[in-house]
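Enquirer: Build me a model:
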Amino acid sequence: MSRARLNAAHWAARRFDPAFRDEAGLEAWKLADPANAEAFDQIWGVGQDPALVEAMALNVQRRAVRARRPGPIAALAGGLVACGLAVAATLAWPQLQLMTVKPAAFETGRGQHHTVTLADGTRVTLDGDTRLEVRLGDHRREVALTQGEAYFDVAHDEARPFTVKTAEGSARVLGTAFDLELSHERGPGRVELSVHRGRVRLAPSGLIHRTAVLTAGQRAFAAEGRLSRVKTFDPAADDWRSGWLETDGVTLARLVERLNRASPTPIVVEGEDLSRQRVAGRFRLDEPDVLVRNLALVHGFKVREGEGGLVLSR
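Expert: I've put the predicted structure just below:
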């Protein structure tokens, strides 16, 4: 971590305090070195993220509510509210510190699998067409999964919780093994969690929503701020890491989304009716063109060569 980024995080934490009056000192520090200004602007921008601001405000509200009690505690309520943002800044410090860590980016193309071992000992296996960024801080470990699917075998570290964040929700653990997949089959997107070992908390995006703690052999997804019901699966069964997908029923659009991560040739489904066609079975993912042609024979749809890929239609 550079000294500029560390000092920028300290300046940002101080500036969250409404009593901060050293704008001149901050500007002088920024002007002293272009790297200082760049580091501060980046970290301050993160601090203005709506989700972080809401989270800090919620902490302030909770503390204010707890302070509204008879007697001497009630007299402290005003003081607690007055210093609320300062308290929130303190609570936000681990996140600010994490943002001083330069992220490590990993990416795979269609049909590729890649396994990496992070500096903390965590092993991550990326499915095809997957992107993620990793930050390992002093107090937190955080992964941003922006596309695709990955399997995480997390090194246990009670002092540094491990969180995987997506646009639709997050999964937080201490030490376990789980699979997290981003899906866009139905438009807005969803994140699906499958726990292979240990316990993982799945939280939809947003502030106050129901969360769920899943254990080994349980699966659920989060979409549009809501959780699905929890289902069971066999964590010992073959999965995408060994080239298989076993399901008791998914839409053809969902299956094709999975196949497109394994296939160097894009596959497109034409028509909402065909997209919603349910299919079930045990499918090999490493021969997607053969699979869709076999499914076409069973379910009565057509497969043709289109521009740049295969097109499925009635």
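
Enquirer: for the record, mean pLDDT for the helix or strand harbouring residue 193?
Expert: Per DSSP states H and E: residue 193 is located in strand 190-197. In this model, strand 190-197 carries a mean pLDDT of 94.

Enquirer: repeat for stretch 258-277
Expert: Mean predicted lDDT for stretch 258-277 stands at 91.

Enquirer: How far does it stretch from one end to the other?
Expert: Terminal residues of stretch 258-277 are spaced 15 Å apart (C-alpha to C-alpha, to the nearest Å).

Enquirer: List of residues touching it?
Expert: 110-111, 127-130, 148-149, 240, 243, 245, 251-253, 256, 285-286, 288-289, 291-292, 299, 301, 306, 308-314 (C-beta atoms under 8 Å, 6 or more residues apart in numbering). The C-beta positions use only the backbone N, C-alpha and C, and glycine is treated the same way.

Enquirer: Stretch 226-244 now?
Expert: With contact meaning C-beta under 8 Å, 6+ apart, stretch 226-244 is reached by 113, 125, 127, 149, 151, 179, 194-197, 202, 204, 209-212, 214, 216-222, 245-246, 258, 261-262, 282-286.

Enquirer: Near the residue lying closest to residue 123 once chain neighbours are set aside, how many other residues are there?
Expert: Of all residues not flanking residue 123 in the chain, residue 153 sits nearest, at 4.4 Å (C-beta to C-beta, 6 or more residues apart in numbering). Residue 153: 18 surrounding residues under other C-beta atoms under 10 Å.

Enquirer: now do residue 184
Expert: 12.

Enquirer: Can you give me the domain assignment for this structure?
Expert: Annotated domains of the chain cover 3-99, 104-232, 240-313 [automatic domain parsing].

Enquirer: Endpoints of the second one, how far apart?
Expert: Here the two ends of domain 104-232 are set 33 Å apart, with distance taken as C-alpha to C-alpha.

Enquirer: What ranges in the stretch 151-300 of the chain fall below the confidence cut-off?
Expert: For the stretch 151-300 of the chain, the stretches flagged by pLDDT under 70 are 185-188, 207-208.

Enquirer: Show me the strands in it, by range?
Expert: Here the stretch 151-300 of the chain has its strands, by DSSP state E, counting those that start in this stretch, at 162-165, 169-173, 177-183, 190-197, 199-204, 212-215, 218-223, 226-227, 231-232, 244-251, 267-269, 278-284.

Enquirer: Thank you kindly, that will do.
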